[in-house]
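Undergrad: Based on what follows, work out the 3D shape:
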Amino acid sequence: MPGIETAVRVVFPKAELQFCIVHQMRNSLKHVVYKDKREVVGDLKKVYQSPTEEMALLELERFEDKWGEKYPYIGKSWRDSWDNLSTFFKYSPQIRRLIYTTNPIESLNSQIKKVTRNKGVFPNEDALFKSIYLAVISVTNKWTSKIRDWHLILAELSIQFEDRLGGYL
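TA: Presented below is the predicted three-dimensional model:
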């Protein structure tokens, strides 16, 4: 979404943005011919699955050397968004697994849309807020799976964001 980065930074100046790797991959693959897709995906995985940002940039260079002539858009797209695609390299693999995609957020948004779309008009703002609240409660009741290595994630977050999280952890 154009402008989202600026808007977030205005409201939350200390925010670290991480663009969705899944969306970046989809965007990259929309111009790739079918016979090349599997190999292109494999080469791009080497970029975002690298252990460090430096190694990821090296893999991106290798990708561009191999595919740059046939698919110049892909390398350019990754480089143009690199600041917001590489944020997660600052974190451990456990945290990376949580933040590389926006799918959980999109799932919640779709549930809220489902509730609000079916009703044409709400009598007042309170009715809308109550409907959204009930939708969120319903969705969160279904969240039963535990996050793998949560104790490690919590410890890392409390160290890295001690100044921002304060009494929340």
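
Undergrad: And for Ile74, nearest residue in space, chain neighbours not counted?
TA: Ser28 (4.6 Å; Cβ to Cβ, 6 or more residues apart in numbering). (C-beta placed from N, C-alpha, C; glycine too.)

Undergrad: Okay, and that neighbour sits in which element?
TA: Assigned by DSSP states H and E, Ser28 falls within helix 21-29.

Undergrad: what comes up buried for the helix or strand that comes right after that helix?
TA: The first helix or strand that comes after helix 21-29 along the chain, using DSSP H and E, is helix 34-48. By neighbour count on 16 or more other Cβ atoms under 10 Å, the buried set for helix 34-48 is 40, 43-44, 47-48.

Undergrad: Pick out whichever of those sits closest to Tyr71.
TA: Of all these, Val40 has the smallest distance to Tyr71: 7.1 Å, by Cβ to Cβ.

Undergrad: pLDDT value on Tyr168, please?
TA: Looking at Tyr168, its pLDDT stands at 59.

Undergrad: i'd like the first residue to be 45 from this point on
TA: Will do, 45 is the new start, and the previous item becomes Tyr212.
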